[in-house]
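**Q** What would the 3D arrangement of this be:
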Amino acid sequence: MPDNRTEKATPRRRLKARERGQVLRSRDLVSALVLLGMVGALAWHPEQGIARWQQYFRNLMDWACSTQAESAMPVLNATASTVLFWTGPILAVAFGVAVVSTLAQGAPTFAAEALAPNPSRLNPASNLQQLFSLAGASRVLRSLLPTSVIVYLALRLIQGQASTIVHAARLSSRACLALVGSLCFGIAWRTVLVFLAWSALDYFLQWQTYEKSLRMTKQEVRDEHKENEGNPEVRMRIRRLRRELFRKSLRKSMQRATAVITNPTHYAVALEFRPATMAAPVVVAKGQNRIAQKIKELARWNEIPIVENPPLAQALYKATEVGQMIPPKLYAAVAEILAFLYRAQMRMRAAEARGN
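**A** Sure thing, here's the model as predicted:
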């Protein structure tokens, strides 16, 4: 049966997977980085640790030869302090590397669904079935591969030092310890490099598996989009209601307008000015294109003067919001237009009075 999951996971699907505890994390990568940090801490100024242990054994011998050695507490205290001095920095580095490498793979998440009690996890039969399944066998084989490489590299290193190891009995104790230390560090570094390479490959394979498990079908993407955006009919109804409310609000605002400044088709700004109560004109409506046409239509319906002044219309549209007073720098231009309209209205009233 063909796999129809060809679409990449959406952010919502990734979030839901994270809530279920399905996150991409490589334990092998964390282990390899921790091992790298521990080996690096051991290799950093090893002479200090050697000197500390030398002093410890000297004190131990002096205490054993002392006639006043009645209590074992000094030995226990010295042993604890020496071990803590030697292992403390190494454990601190290992803990820090583990925390940083874990956080680098993603912020920690608390998945209640993954932590919920599941009796099947405690069933010995199911656990044994998983252990002896094909997946369990593949995990064992995958763990044997880097182990085999490490054993091979360790044998090659020992083989290269075979002549020195054979005559190690002729060496002094210091030289013998130096040989053992160099072999241990050589094996440790090779082990770290193998684990790093293997963990990087394992992380890449896990990433591919993780991404494949999150893939979606085209129908799932459409359904999720519909859930996020809502039903198209509901969205159309909401837009229709919004337009109706906007028209009512615009119609009500235009009833207070004194003049409309236009550009002549793209912009329209309606101003209200009452000299007795206002210090400056106020923008009661503004719009572009279709809204501008609607403003002019309502202005004609309410017999509000329309003045074409493209620079002023653009300046008012960009510099003000509905309900705000016009900026002081536009006072002169607006006052000139309002004065012109006022004089025109006065002349019309005078002409009507003479005609009557």
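**Q** Would you map the strands across the stretch 251-356 of the chain?
**A** For the stretch 251-356 of the chain, applying DSSP state E, counting those that start in this stretch gives strands covering 259-262, 267-272, 282-288, 306-308.
**Q** Secondary structure class of Phe195, three-state.
**A** Reduced to three states with DSSP: H, G, I helix; E, B strand; the rest coil, the structure at Phe195 is helix.
**Q** Now do the same contact list for it.
**A** For Phe195, the contacting residues are 28, 31-32, 35, 146, taking CB atoms under 8 Å, 6 or more residues apart in numbering as the criterion. Every residue, glycine included, has its C-beta placed from N, CA and C.
**Q** I'd like the distance between it and Arg25.
**A** For Phe195, the distance to Arg25 equals 16 Å [CB to CB, to the nearest Å].
**Q** now Tyr331
**A** In this structure, Tyr331 and Arg25 are 65 Å apart, going by CB to CB.
**Q** Where does pLDDT dip in the stretch 151-300 of the chain?
**A** Flagging of the stretch 151-300 of the chain using pLDDT under 70 yields the residue ranges 227-234.
**Q** mind running it again at 80?
**A** When residues are selected by pLDDT under 80, those of the stretch 151-300 of the chain lie in 161, 164-179, 181, 218-247, 250, 264-265, 275-278.
**Q** Ile150: how many residues sit nearby?
**A** The burial count assigned to Ile150 is 18, neighbours taken as other CB atoms under 10 Å.
**Q** Buried residues in the helix or strand it falls within, which are they?
**A** Ile150 is located in helix 134-160, with elements delineated by DSSP states H and E. For helix 134-160, burial by neighbour count (16 or more other CB atoms under 10 Å) applies to 146, 149-150, 153-154, 157.
**Q** Return the member of those nearest to Leu76.
**A** Checking the buried residues of helix 134-160 against Leu76 with CB to CB, the nearest one is Ala154 at 35.9 Å.
**Q** Which parts of the stretch 201-350 of the chain are helices?
**A** Along the stretch 201-350 of the chain, the stretches classed as helices by DSSP state H, counting those that start in this stretch are 218-229, 232-254, 290-301, 310-319, 331-355.
**Q** whoops, the stretch 1-150 of the chain was the one
**A** In order along the chain, the stretch 1-150 of the chain carries the following helices (DSSP H, counting those that start in this stretch): 11-19, 27-43, 46-65, 73-104, 112-115, 124-131, 134-160.
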